[in-house]
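Visitor: Sequence plus predicted model, see below.
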There are 2 protein chains.
Amino acid sequence: MEIPVKTPSHSYAVTIGKGILREALTAQHDLFTKADKIIVLTDENVWTAQQSYFEANFPYIFEVHVMPAGEKCKSFENYNEVQTYLLKQKCTRKSLIIAFGGGAVGDLAGFVAATYMRGIPFIQMPTTILAHDSAVGGKTAINHELGKNMIGAFYQPEAVIFDITFLHSLSEKEVRSGMAEVIKHALISDAQWVEELLEGDHVTELPEDLLANYLAHGIQVKATIVEQDETEQSVRKYLNLGHTYGHAIEAAAGYGRVAHGEAVMIGLIFSLLLSEKFGKVNHQFTKRFLHFAMENGYPFEAVREFTFEQLTEYLLKDKKADYGQLQFVLLETIGQPFVQKVELEQCREIDRQLRALLAEV
Amino acid sequence: MEIPVKTPSHSYAVTIGKGILREALTAQHDLFTKADKIIVLTDENVWTAQQSYFEANFPYIFEVHVMPAGEKCKSFENYNEVQTYLLKQKCTRKSLIIAFGGGAVGDLAGFVAATYMRGIPFIQMPTTILAHDSAVGGKTAINHELGKNMIGAFYQPEAVIFDITFLHSLSEKEVRSGMAEVIKHALISDAQWVEELLEGDHVTELPEDLLANYLAHGIQVKATIVEQDETEQSVRKYLNLGHTYGHAIEAAAGYGRVAHGEAVMIGLIFSLLLSEKFGKVNHQFTKRFLHFAMENGYPFEAVREFTFEQLTEYLLKDKKADYGQLQFVLLETIGQPFVQKVELEQCREIDRQLRALLAEV
């Protein structure tokens, strides 16, 4: 399946499907033959799990550089090390980078591509469900010790190739985490799709074909938004539904302990409660949605580990915060997002409601 | 005087003149009032020399961050430190950076602006003649220990404000260095302007009005080229006339000892000799131009300090090198540049000719 992404700066296609790696690569033949060098950036976990399938289906000569896994990959130090590696390999402006891995690899490799010699071409090749989201749309970043994703660029890939064969090695936690972004894509775009998800199988047990369809649908939602607003001046903010409170939980817990998507799911409930106040979402829906999320094993116990005061520090660091004022993406109704400024005191009240609701169910 | 720059990604104006600082700033009133914080990034030399004039004419509240001067400013460490500073200042996506200084400050501050939270607005406020060139066109960069300007981005400023009052504190060497880029702009665009320069006063002794005119003319040449090719895929390469051999001299000497523009002037002679071979430039012109450059004190003795073999290593590191092949910008006739692939052996022969010519005059 092919989904076009047309941004002002650059147009490209996302190819998604099972076992499509070789075919999708061959479709980009010109890109590969034009490159004077092909560098695969990946991490140790991905390379251990996927090397043989990758090598069996990658019909071009390449060099591979294996990086530390997880958030270490996105450190300033690793960013510098990868630049050193490229310089030592004598990479030029015509060299091509393949970002092969999950979101962290994609973010780091994308930012390296955006800034090596002021920008060289790269391909996103995500290996996780979560990365169906991060690999599309051109957000790249590394972490600063004072904040995650604080340094980065908007830089579009030449292509995104998403072979869902790679998903086989994911843990249940990783599937659950990734599906939260799919569910978010449904919430901001399509009430009927949300119904289907709520009524369907557990998100960790979806049949492969259905999963591929959902991922393609999510990418389509994201592509449509990114086409309208590449650099997050307006509608692209909708993609942050659930992320403001979610990021705070993720950061307070220490990155990795609560997975990104798990934290986003907690943030989605927070947004639904806020949407009752500022939009027309009804409390019955919020409760039904929370029930669905709990059934699917999302770790709401994380909320109790922190006081609202502890979360506040992280809430105020949000990149969407304008002039120190908190901004949330909320839903008018399911499928209809909008951006709302919210006072910290109002957040405190919603946080209280969330804790009460969690105690109740 | 105002010169518009229209690139695909962003349009802005360059304002140039004597004592225009306050007026030019006020013309950008909206930009300043929209900003939640204004951060001036400068270096210790510039701030010492210019603080009082700056403060007397800057009618907005700002914070200043003073960085080490020279190439240290463009180190990875300083890049990280400035990001830390911005985070500690709680800068957001609505904060505005002022790059106040020479080329190094502009390059570093521009790259910080390009990558802080994936890009925030910035204004270039050059304080040197050399920076009339680097402040326009959106090239930003920092250095890597394996190469200068190896990490960077194409990122356009919101405005360029060039008050030539700041030039008063420049040394003769800095004026000479900066004028080499003006002369380069003449060589790639306008034979009559080249004549005027060759027949005129010493470049370090130009009347202020004429200097301002020349700078505006150079910016106009650059703006026209950048409008056609923002990211150096085609005609923007013409701006590198003299830079391939020039960079090699500059790097071999150790940055700072031979100033950038001084090295470019040596590179311009090298390009003229190559242009005799590949274009229609005649040897009489090259000799006349060399005579002019020597009269103006450009330090050609630097060539003798290195063998061609020593320079080769640096020549091959040039970012324009495609597939390891050297690329030079040459002149068909004065004012008509083109790009030419040149074998290393041909460079060696021209290097020999250059040394012979220098021994002769």
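Guide: Thanks, I have it.
Visitor: List, one by one, the residues from chain A near chain B.
Guide: A:9, A:36, A:76, A:80, A:83-84, A:87-88, A:90, A:92-94, A:111, A:114-119, A:139-141, A:144-147, A:150-154, A:231-232, A:319, A:321-324 (CB under 8 Å from any CB of the partner chain). Quick note: C-beta positions are derived from backbone N, CA and C, even for glycine.
Visitor: from the residues you listed, which ones fall inside strands?
Guide: Among the residues of chain A next to chain B, the members falling in strands are A:139, A:140, A:141, A:144, A:147, A:150, A:151, A:152, A:153, A:154 (criterion: DSSP state E).
Visitor: Can you list the low-confidence ranges for chain A?
Guide: A:319-324 (pLDDT under 70).
Visitor: Chain neighbours aside, what residue packs nearest to the residue nearest the centre of it?
Guide: With distances taken as CA atoms, centre = their mean, the residue of chain A nearest its centroid is residue A:134 (3.6 Å). Among residues not flanking residue A:134 along the chain, residue A:103 sits closest, at 4.1 Å (CB to CB, 6 or more residues apart in numbering or on different chains).
Visitor: what's around residue A:33, how many residues?
Guide: 8 (other CB atoms under 10 Å in any protein chain shown).
Visitor: let me redo that: residue A:271
Guide: 31.
Visitor: how far does the host helix or strand of it sit from the chain's center?
Guide: Here residue A:271 sits within helix A:260-278, counting by DSSP states H and E. Using CA atoms, centre = their mean, to the nearest Å, the mean C-alpha position of helix A:260-278 is found 16 Å from that of the whole chain.
Visitor: same deal with stretch A:96-106?
Guide: For stretch A:96-106, the distance to the chain centre is 13 Å (CA atoms, centre = their mean).
Visitor: ok, the nearest residue to residue A:252 once chain neighbours are set aside to residue A:254 distance?
Guide: Leaving aside its sequence neighbours, residue A:252 sits nearest to residue A:306 (CB to CB, 6+ apart; 4.8 Å). Counting by CB to CB, to the nearest Å, the gap between residue A:306 and residue A:254 amounts to 11 Å.
Visitor: So if I had to pick from these two, which one is more boxed in?
Guide: Legend: neighbour count by other CB under 10 Å for residue A:306 and residue A:254, higher for residue A:306 (16 against 9).
Visitor: mind listing the strands for the stretch 151-300 of chain A?
Guide: A:159-163 (DSSP state E, counting those that start in this stretch).
Visitor: Residue of it closest to chain B, please.
Guide: residue A:152 (4.6 Å; CB to the nearest CB).
Visitor: any idea how chain A splits into domains?
Guide: In terms of domains, chain A is parsed into A:2-169, A:172-360 (source: automatic domain parsing).
Visitor: Figure out how far the longest one is from the centre of its chain.
Guide: Same thing as domain A:172-360. 12 Å.
Visitor: which residues touch residue A:125?
Guide: Counting by CB atoms under 8 Å, 6 or more residues apart in numbering or on different chains, residue A:125 makes contact with A:98, A:99, A:100, A:101, A:135, A:160, A:161, A:162, A:163.
Visitor: so the third one touches residue A:127, yeah?
Guide: Put plainly, it is residue A:100. Yes. The pair residue A:100 / residue A:127 is scored as a contact, 6.8 Å apart, by CB atoms under 8 Å.
Visitor: overlap in contacts of those two?
Guide: By CB under 8 Å, 6+ apart, the residues touching both residue A:100 and residue A:127 are A:46, A:50.
Visitor: My understanding was that the residue of the stretch 151-300 of chain A closest to chain B contacts residue A:141; is that so?
Guide: Yes. Judged on CB under 8 Å, residue A:152 makes contact with residue A:141 at a distance of 2.9 Å.
Visitor: tell me, what's touching the two both at once?
Guide: A:107, A:111, B:118.
Visitor: ok, the last one - contacts?
Guide: Applying CB under 8 Å, 6+ apart, one finds that residue B:118 lies in contact with A:139, A:140, A:141, A:152, A:153, A:154, A:231, A:232.
Visitor: show me what contacts the residue nearest to it when sequence neighbours are not counted?
Guide: Closest residue to residue B:118 apart from its sequence neighbours, by CB to CB, 6+ apart: residue A:152 at 4.6 Å. Each residue near residue A:152 by CB under 8 Å, 6+ apart is listed here: A:107, A:111, A:114, A:139, A:140, A:141, A:142, B:115, B:117, B:118.
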